[in-house]
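[1] Okay, here's the prediction I keep looking at, along with the sequence it came from:
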Amino acid sequence: MALTKNDIVERLQAEFGFPKSQAIEITESLIEVIKASLESGDDVLVSGFGKFCVKDKNQRKGRNPATGEDAILPARRVVTFKYAGKLRKKVNGK
């Protein structure tokens, strides 16, 4: 099961006693800061968790799987995530 924004809001309420409106505002603000940083091409490093990076992908040749027709895929930017060693150990129970 995935962790949703609503789950984060509920945890902020339960663990830190924030009112729901403030918990929603904190969650939305954090997500907006992360999105703005990535949009401007900056990496986002969360110590002990991981690093979100923006990578440039070159134009390349592809194929439409439905028709088999060749196509040129345009250049684009993608977000990648590299997890921290601490997170890997925690996920693996070490």
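    Sure thing, it's come through. Since this is a predicted model, take the numbers as computed values, not measurements.

[2] Can you tell me the centre-most residue of the chain?
    The chain has Phe52 as the residue nearest its centroid, 6.6 Å off, counting by C-alpha atoms, centre = their mean.

[3] my read is it is in a strand, agree?
    Yes - assessed with DSSP: H, G, I helix; E, B strand; the rest coil, Phe52 lies in a strand.

[4] what's the distance between it and Glu32?
    14 Å (C-beta to C-beta, to the nearest Å). Every C-beta, even on glycine, is put in place using the N, C-alpha and C of the backbone.

[5] which ones are touching Thr80?
    Residues in contact with Thr80, defined by C-beta atoms under 8 Å, 6 or more residues apart in numbering, are 52-55.

[6] Bridge partners for it, pull those for me.
    Cys53 (DSSP bridges).

[7] Could you check how far it is from Leu3?
    From Thr80 to Leu3 the distance is 20 Å (C-beta to C-beta).

[8] now swap in Ala23 and tell me
    14 Å.

[9] ok, the two, which is more surrounded?
    Set Ala23 next to Leu3 and count neighbours by other C-beta atoms under 10 Å: Ala23 wins out with 20 against 8.
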